Structure formats: structure tokens, C-alpha cells
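Q: what's the 3D shape of this:
(chains A, B and C)
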Amino acid sequence: MIEWLINGLAAVLILAGCGFFLAGTIGLLRLPDFYCRVHATTKCDPVGAVLILTGAGLLSGPDLGAIRILALIALIVITSPTAGHALARAGWHAGHRPWTRENRDEPQ
Amino acid sequence: MSNLLWGAILFLLVNALACLGRAIHGPTLPDRIIAANVIGTKTVIVLVLLGVILNQVIWLDVALVYGLLSFTLSLVVGRLIETGRLARLEKPS
Amino acid sequence: MRWARLTAVGFLFWLILTAGMGWWTVLIGLAIAGLVAVLKIHMLATDSTEPTLSGRETLGMIGYALGMIALVLPAAWRVAMIVMRRDLNVHPGVLYHRTTLTRPIARTALANSITLTPGTHCVDLDDDRLVIHYLNPNFTAALDQHVLERRLAAILERPA
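A: Residues are numbered from 1 along each chain as shown, chains lettered A, B, ... in the order given. Below is the predicted model:
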């Protein structure tokens, strides 16, 4: 019974995480410019990753693997937004102007 | 359960391929790097899921190192885009 | 003193990850942790004179971070909803936001929080001026009301 419950919860978490990853990918492909794409990747990606990793941690059970999965969750939660911010800032300082509805005809 | 995990791995790999399209096509350099960053996150997840399926902890170590390297890559390339060089030339006073 | 603390943190992390792999990994880990700590201090030297957080401020920041978790889920959900729409109804733009926070750590926390709130993303942090990119203008209302800034000021900038 309890095992069935844990497996079910893990399955739900993994499926939800896949959904967020799909949203991140679609955002990366569809949004008009670099700054908008950073929105999709810094929000959807870590959430999806944490959901899937939690599900995987539930499946693997409390052993050495669970510690590594906790470390991975911390790693992704910290690094993914930081990397997105570093790249956005780099693009800003390199002079990439953001896309808006008004200047859509100008080249990037 | 194993079927679901394989399905998730396949799904993430298809997603990573789509992101690769952005990395190849993406008009500017930051676009390509952000796509590479996203592919890195997906790869970490795929490695973890493989570790859970095969029940081997070593995959998780590989995932940890891969995640750290992927983060370092983003920071270094971000710095390269921003300043045009990889290291600071002189110390700040 | 700083290098000893950094070594301890790195060594602890190493111990957690290599639990039960023999005594020689412990020695190697200690050596590597010391090396990394020394390199970190020499190569990433900052001239910051920022005082370290007091115990109370640390607790406050932990509570604040937990509150942020409640923010990031709806943020990801709303971005997902925007992205899935057929007409992709985005009106992106950039706004400049002047913050009243003075401590560097408070400003950094504010920038990270803005990145986590839905539809806004901090691009640059230059002194007291934040450059913020938004997906839709109606997402910036929370920013104008200075909710997060007041919460941060209450934790970190209590008048002495």
C-alpha cells in the first residue's frame, strides 16, 4: 500500500516536471528574443528539474543516492537562475537591445 | 515504473533536440548559450533517471559533475560576451 | 581564518559525497578542499567590507527564501500558460527601477526575488538602479507596490 502510494506520487511528480520542461522548450523556441527566452528558461527549467528529481529521489529511496539527489536539487535551484541572469546581463552589456512590439521591424 | 522513466528520458531527449534547433538557429550568441544551458539541465535529469533505472549511484556523481561544468560554462561564456576576455587583467584597487 | 572555514565547508561536502569509500579518499578530499579554499581567496578576492549577517538576519533570510518557493511555482505556471497560448500575447519591454535598499546583499536578494516573480526578470543591477525586463506590462504592478522591498528592508535594514 505505502509503496504503491510512493510510486504514484513519484509518477505524478515526474509527469508534472516533464510538463514544465515542455513549457520551457516551447518558450525557448517561440518567444521573440533572447531576454524573453531567459524568462522561460529561468522559471520553468528549475521547477521541472526539482519536480523530476524529487520523484526520482522518492523512487530511489533513502540511501546514498538520495543525498546526491538533494545536492543536485540545491545545485540546479542555485545555478539555473544565476546562469540565466549572468547571460542576460552579458547580453545587455554587449549591447543587445530587447525586442518590443514597436521596434519589431528593426534587425536584432 | 521503469516504462514511465524510459518514457520521461525519451521525452526529455526530444525536448533537448528541439533546444538544439534553437542553439543552431538562434540569431545571437546569448541565444545559443542559453539553449546549451537548457540542454545541460535536461542532460543532468536524464543521467539521474538512468541512475534510478539501473540502480547505480555512479550516474548521480556524473550528473553532479556535469551540472557544475555546465554552470561554469554559462558563467565563463557570459563573461566572455560581456567583457570580450576570459579573465580579469588587473585586480580592482 | 577564512580559508579554514572554506576548507571545512568543502571538506564536509566531499565527505557527504564520498561516504564509505576508504580512508585515502578522506585525505585526498582534505588536500583538495584546502587547495580550493586558498585558490578561491587568491583568485576571487573582493574588496567588500560588507559585515556578515547576524544570527537574526540569517534566520530572516531563510524564512524569506522559503517564502520565495511559494512564489516560483505560480511564476513558472504563468510563464507556461503564456507560452502555450496560440497568439503568444506578449508585450515585452524594459523598465528601470530605483531601489531604496542600501546594503549590497539586500539589493542582490531583491534582484533575485524579482527574477522569481512572474513575468519579470532582473537584467542588470547597477548601484541603486535595477534594469528589469518584463513579458507583459500588467506583471509589473507588484513591483511598483514595493512589496518585496519592504519585506527585505524589515529583515536587513532595521534602523539601529
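
Q: got the residue ranges for the helices in the chain?
A: In the absence of a named chain, chain A is used. A:2-30, A:34-60, A:64-93 (DSSP state H).

Q: I was after chain C.
A: C:2-17, C:23-43, C:55-84, C:104-116, C:141-144, C:147-156.

Q: okay, those, which one's buried deepest?
A: Mean neighbour count (mean count of other CB atoms under 10 Å in any protein chain shown) peaks for helix C:104-116 among the helices of chain C, with a mean of 20. From N, CA and C alone the C-beta is placed, and that goes for glycine too.

Q: give me every residue that touches residue 17.
A: No chain in the question, so chain A it is. If you count contacts by CB atoms under 8 Å, 6 or more residues apart in numbering or on different chains, A:Gly17 has them with A:47-53, A:55, B:45.

Q: Switch to chain C, please.
A: By CB under 8 Å, 6+ apart, the residues touching C:Leu17 are A:67-68, A:71, B:61, B:64.

Q: Of those - the most surrounded one?
A: Highest neighbour count within the contacts of C:Leu17, by other CB atoms under 10 Å in any protein chain shown: A:Arg68, with 23 neighbours.

Q: Looks like it contacts B:Leu60 (just checking).
A: Yes - using CB atoms under 8 Å, A:Arg68 makes contact with B:Leu60 at a distance of 4.0 Å.

Q: Quickly note the distance from the residue in chain A that chain C sits nearest to to chain B.
A: Closest to chain C within chain A is A:Ala23: 3.5 Å, counting by CB to the nearest CB. Using CB to the nearest CB, to the nearest Å, we find A:Ala23 at a distance of 10 Å from chain B.

Q: A:Asp33 now?
A: As judged by CB to the nearest CB, A:Asp33 and chain B stand 8 Å apart.

Q: ok so, going back, just give me the lowest mean pLDDT stretch among the helices of chain C.
A: Mean pLDDT across the helices of chain C is lowest at helix C:141-144; the value there is a mean of 68.

Q: list the contacts for B:Met1?
A: B:Met1 makes contact with A:7, A:10-11, A:59, according to CB under 8 Å, 6+ apart.

Q: Could you confirm whether any residue of stretch C:124-135 contacts chain A?
A: Yes - counting by CB under 8 Å from any CB of the partner chain, contacts between stretch C:124-135 and chain A involve C:124, C:131, C:133, C:135.

Q: and which of those is nearest chain B?
A: C:Asp124 (10.4 Å).

Q: partner residues bridging the closest residue to the closest one other than its chain neighbours?
A: Leaving aside its sequence neighbours, C:Asp124 sits nearest to C:Val131 (CB to CB, 6 or more residues apart in numbering or on different chains; 4.0 Å). Note on C:Val131: beta-bridge partners by DSSP bridges are C:Tyr96, C:Asp124.

Q: just checking, C:Val131 touches C:Thr115?
A: No - using CB under 8 Å, C:Val131 is not in contact with C:Thr115; the gap is 12.0 Å.

Q: Overlap of the contact sets of the two?
A: Common neighbours of C:Val131 and C:Thr115 (CB under 8 Å, 6+ apart) are C:Cys122.

Q: How is chain C divided into domains?
A: What automatic domain parsing lists as the domains of chain C is C:2-43, C:55-156.

Q: Can you lay out those domains as CSV showing distance to B:Arg79?
A: Formatted as CSV, those follow (distance: least, CB to CB, whole Å):
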stretch, distance to B:Arg79
domain C:2-43, 14
domain C:55-156, 14
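
Q: looking at those, which is closest to B:Val14?
A: domain C:55-156 (17.0 Å; CB to CB).

Q: Work out the gap between the closest one and the centre of the chain.
A: Put simply, domain C:55-156 sits 11 Å off its chain's centre (CA atoms, centre = their mean, to the nearest Å).
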